[in-house]
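Participant: How does the following fold in three dimensions:
(2 chains, ligands or ions: 3)
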Amino acid sequence: MTLAYLLAGVVMIALTAYALLGGADFGGGVWDLLAFGPRKDRQRELIAHAIGPVWEANHVWLILAVVLLFTCFPLAFTAIAIDLHIPLTLALIGIVLRGSAFSFRAYGDSRAAGVRRWGRVFSIASLITPLLLGMCVGAVTSSAPWDAAGPGTFRSTFIGTWLNWYCASVGVLALAAFAFLAAAYLTVETTDAELREDFRLRGLWAGIVVGVAALLVLLLAGTAARSMQEGLLHSTWSVPLHLATLGVAVTAVSALWVRRWRLARVAAALEVAFLLWGWGLGQFPYLLPPNLTIEDAAAPQATLEGVTIALVLGGAVLIPSLIYLFRVFKSANRTIESP
Amino acid sequence: MSDLFAARSQMALSLAFHIVFAVIGIGMPVLMALAERQWQRTGDPAYLDLAKRWARGTAILFAVGAVSGTVLSFELGLLWPRFMAFAGPIIGMPFSLEGFAFFTEAIFLGIYLYGRDRISPRAHFTAAILVAVSGALSGVFVVIANAWMNAPTGFTFDRVPILASDVHPLAAMANPAAFPEALHMILAAYAATGFGVAGIHALLILRGRTAPFHKYALRLALLVGVPAAILQPISGDVAARHVAVAQPAKLAAAEALFVTQDHAPLELGGFPDMAARVDRWGVRIPAALSLLAFHDPSAQVTGLDRIPADQWPNVPVVHLAFDVMVGIGTYLALVGLWVLLSAWRRGAIGRAHFRALAIATPLGFIAIEAGWVVTEVGRQPWIIYGVLRTGDAVTPMPGLVVPFTVITLLYVFLAVVVTRLLMRHVARSPQ
Ligand code: HDD
Ligand code: HEM
Ligand code: HEM
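Facilitator: Numbers count the residues shown, from 1 in each chain, chains lettered A, B, ... in the order given. Ligands and ions are numbered 1, 2, ... in the order given. Next comes the predicted model:
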């Protein structure tokens, strides 16, 4: 195993952490948008309290993934940044609006109208951004765009790469998975039995949508992302991986059903992690199928070594700090006073 | 508008927007930590009130800083893919370290903002310190990456810079521009935030607010701002001496020095007449530039005549920006010294001081924008000085004027909202 493979694994870990933590924050925004019924305001309050202290830290996982990508795999980063200019720019606008609106609502505008307006911006941006990010992931896994010999047309290079049914299905999968995670986590964030029931129901529905979307992705991959589909279906690890994913998926939904909140949270996280790693393994050893492998895209050895050392040093600071953060805010169910 | 110009404008706008919030993210944690310490030492509730109100304002600004920074890390690739393919492996190291600094900053900011009732006062104070330290570190790391663009080291390349070989990430970080730029930037952050906060409270005091809250705030802000402002011209001199040797075109443009000469004069103000190749209507101090740049009045300073015309930066822009920065730097340092002397001799400062401070409120930030214009526009036409031209690095994506327009509208909107929220926040502070 080479250093390049190791670092590609670290990029996957950062993406997984972003999906499990930052993704759930987006999912919270989705439930904010879909809040209804007599406990509408209490639902929104719970979501805001759960996200408040952690979303900025959770967001940094995305930065880490991007930085590692352009440092260790500059050719892949460059190809993605050129072809996916449009959806990435749109996703960035979503990220900007989501984060600013959340903090304007939490700290700035205390008038009721202001709170409502920024809440709306926050929740709509939380819905659109995961769709776009998912579409970009879809484009990375498909073989067509990176295959084109010579310069294509504007439509084929900058639009066709991501605006198609396959990428849309990956976008929906990402959105559903994030909403599912958020619902499962939120049942643990409160001691209020009624709110728990609200999010239990939402989690059950979202869990079903995740399953359907995952199947849809696998079907549509047949034409759009052939090499990934083959990896997913015909490798030695295919059967165990699918069984494991199915197992945690069923566990997550049944745990919600029987109100085993903590188990549901763990199983939901594992399910999303398995889906992501299925993608990663499915296209291994390609970073951008069908041509660019991890090793072809890798930076010079000295860079990879330097980054590995930086990761070890940084990790030694980061991991205890993260544990402390989650200890302080996620261990007990005391309410958090915002400043 | 050409695609290249749109890309440059979008990059400049995004950076100019982000830097305001980044600077506050470096400076405010220091102020909050000081207020926190005073509260724990004196038990005076005005300090607690101060720490809480500063934290509320900072929370908004920090969030905007974080998301606008995210935009930047993508834009490096979205706008300059050829640059990133070449530079990523070389300067990825400071960016990775910066990533970890962001992590600690965001983690302990969350703990500081929301943790007051959940952890001990000591742990809470430590969190504020850690935010301040990691904020400064993230600034240092990203400026080291920028310094490498000005003074690239740690690699070799064939004539066409597509992929670098023989890469040494640590040698790239140890480039000769790194120390002067990082020092100057960190001091700038403290000077701008310190004078910005001091100016707001000086204005409120002038308008008749008497609560001790404002006096305390003013004192802590000056404690951070004044030393930095006094040291800033010195660190600027360190930076200028580096630029004189390593990037003569930038210094010549900043000083509108068209002809190489010894005993080179310093041109203050004026407007460079590009056709006649002279600086008009400026004040000329004989031999001062030689003295400043090389600490020797007879030293020869390279003028634009030694630089091929296709490698000139935009001289009027760089010259004007440089004069704005140096002018403000002089004003802030003098006001700082005056306040310091009066406070020391008479134990108090009066209305004239408050007025001078109120004027200074936005100046530090204006100087920072101007300084970055000197650095970045002064490097043109190079994106990596002497290695890669900006025009060769831009993305092939057509129609870049569209994203530029959209990002501009978004940032103007955000700037208006943030300003209104902060003004309401300040207006609600104690009478
Ligand atoms: C509060 C802000 C502030 C103040 C008062 C000053 N500067 Fe500055 N200056 C900056 C904020 C700044 C900056 C925005 O932070 C820059 C941009 C890049 C950098 O490293 O710092 C900068 C860049 C910069 C450069 C270019 C460095 C390079 O391109 O490598 C020079 C030569 C100076 N400065 C010189 C000075 C001098 C002689 C000053 C005398 C008073 C001065 N600055 C005051
Ligand atoms: C000299 C210029 C810069 C300085 C001093 C600076 C400093 C900072 C600081 C202190 C923060 C913390 C957030 C805050 O305080 O609001 C921040 C955030 C950020 N900056 Fe910058 N920055 C600069 C330029 C850049 C550039 C060029 C990039 C992109 C490559 C960048 C990327 C980021 C990112 C991604 C964040 C968000 C981190 C988070 O989520 O907490 N910055 N920057
Ligand atoms: C945050 C403070 C900064 C400000 C206000 C700033 C300002 C600018 C401006 C005005 C330009 C346009 C120059 C022109 O095209 O004429 C520019 C370009 C650029 N800057 Fe900076 N800059 C900052 C920091 C940085 C840092 C820290 C980096 C990288 C690590 C960076 C990387 C770039 C790149 C890649 C370009 C585009 C290529 C070029 O025009 O050379 N900048 N910046």
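Participant: And the strands in chain B, which stretches?
Facilitator: B:261-262, B:266-268, B:271-273, B:278-280, B:283-285, B:300-301, B:382-384, B:388-389 (DSSP state E).
Participant: now do chain A
Facilitator: A:286-288, A:292-293.
Participant: Quick one: list the elements packing against the first one.
Facilitator: So the one you mean is strand A:286-288. When contacts are defined as 3 or more CB pairs under 8 Å, 6 or more residues apart in numbering or on different chains; DSSP states H and E, strand A:286-288 packs onto helix A:74-83, strand A:292-293, helix A:294-297. In this view, the C-beta of every residue, glycine as well, is placed from N, C-alpha and C.
Participant: need the contact list for B:Ala360.
Facilitator: Counting by CB atoms under 8 Å, 6 or more residues apart in numbering or on different chains, B:Ala360 touches B:195, B:198-199, B:331-332, B:335.
Participant: which one of those residues has the most neighbours?
Facilitator: Taking other CB atoms under 10 Å in any protein chain shown as the neighbour criterion, B:Phe195 ranks highest of these with 33 neighbours.
Participant: Verify the stated contact: that one with B:Pro362.
Facilitator: No. Using CB atoms under 8 Å, B:Phe195 makes no contact with B:Pro362, being 9.0 Å away.
Participant: Helices of the stretch 151-300 of chain A, residue ranges please.
Facilitator: A:154, A:165-189, A:193-224, A:226-234, A:238-257, A:261-283, A:294-297 (DSSP state H, counting those that start in this stretch).
Participant: and the longest one, what does it pack onto?
Facilitator: Taking 3+ CB pairs under 8 Å, 6+ apart as the contact definition, the neighbouring helices and strands of helix A:193-224 are helix A:40-51, helix A:112-141, helix A:165-189, helix A:226-234, helix A:238-257, helix A:261-283.
Participant: Could you export those helices as CSV, including mean pLDDT?
Facilitator: Below are the helices and strands packed on helix A:193-224 laid out as CSV (pLDDT from 0 to 100):
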stretch, mean pLDDT
helix A:40-51, 86
helix A:112-141, 90
helix A:165-189, 91
helix A:226-234, 78
helix A:238-257, 88
helix A:261-283, 88
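Participant: Please go through chain B and pick out the longest helix.
Facilitator: helix B:3-42 (DSSP state H).
Participant: Quickly check: it near ligand 3 or not.
Facilitator: Yes. Interface with ligand 3: helix B:3-42 contributes B:8, B:11-12, B:15-16, B:18-19 (CB under 6 Å from any ligand atom).
Participant: circling back to that earlier point, which of the strands of chain B comes out lowest on mean pLDDT?
Facilitator: Across the strands of chain B, strand B:278-280 has the smallest mean pLDDT, namely a mean of 75.
Participant: Could you say which of the helices and strands packed on helix A:193-224 is packed most deeply?
Facilitator: helix A:165-189 (a mean of 26; mean count of other CB atoms under 10 Å in any protein chain shown).
Participant: tilt between that helix and helix A:238-257?
Facilitator: 40 degrees (axes from the mean of the first three to the mean of the last three CA atoms, to 10 degrees).
Participant: quick one: helix A:165-189 to chain centroid distance?
Facilitator: Computed by CA atoms, centre = their mean, to the nearest Å, the chain-centroid distance of helix A:165-189 equals 8 Å.
Participant: swap in stretch A:236-254?
Facilitator: For stretch A:236-254, the distance to the chain centre is 19 Å (CA atoms, centre = their mean).
Participant: repeat for stretch B:129-136
Facilitator: 17 Å.
Participant: ok, and what's touching it?
Facilitator: Contact with stretch B:129-136 is made by B:25-26, B:29-30, B:32-33, B:101-102, B:104-105, B:108-109, B:112, B:186, B:189, as judged by CB under 8 Å, 6+ apart.
Participant: Please identify which two of those residues are farthest apart in space.
Facilitator: B:Tyr112 and B:Ile186 (20.6 Å; CB to CB).
Participant: neighbour count winner among these two?
Facilitator: More neighbours surround B:Tyr112 than the other of B:Tyr112 and B:Ile186, with 29 against 21 (other CB under 10 Å).
Participant: can I assume A:Arg39 is in contact with A:Glu197?
Facilitator: No. Under the criterion of CB under 8 Å, A:Arg39 makes no contact with A:Glu197, lying 9.4 Å away.
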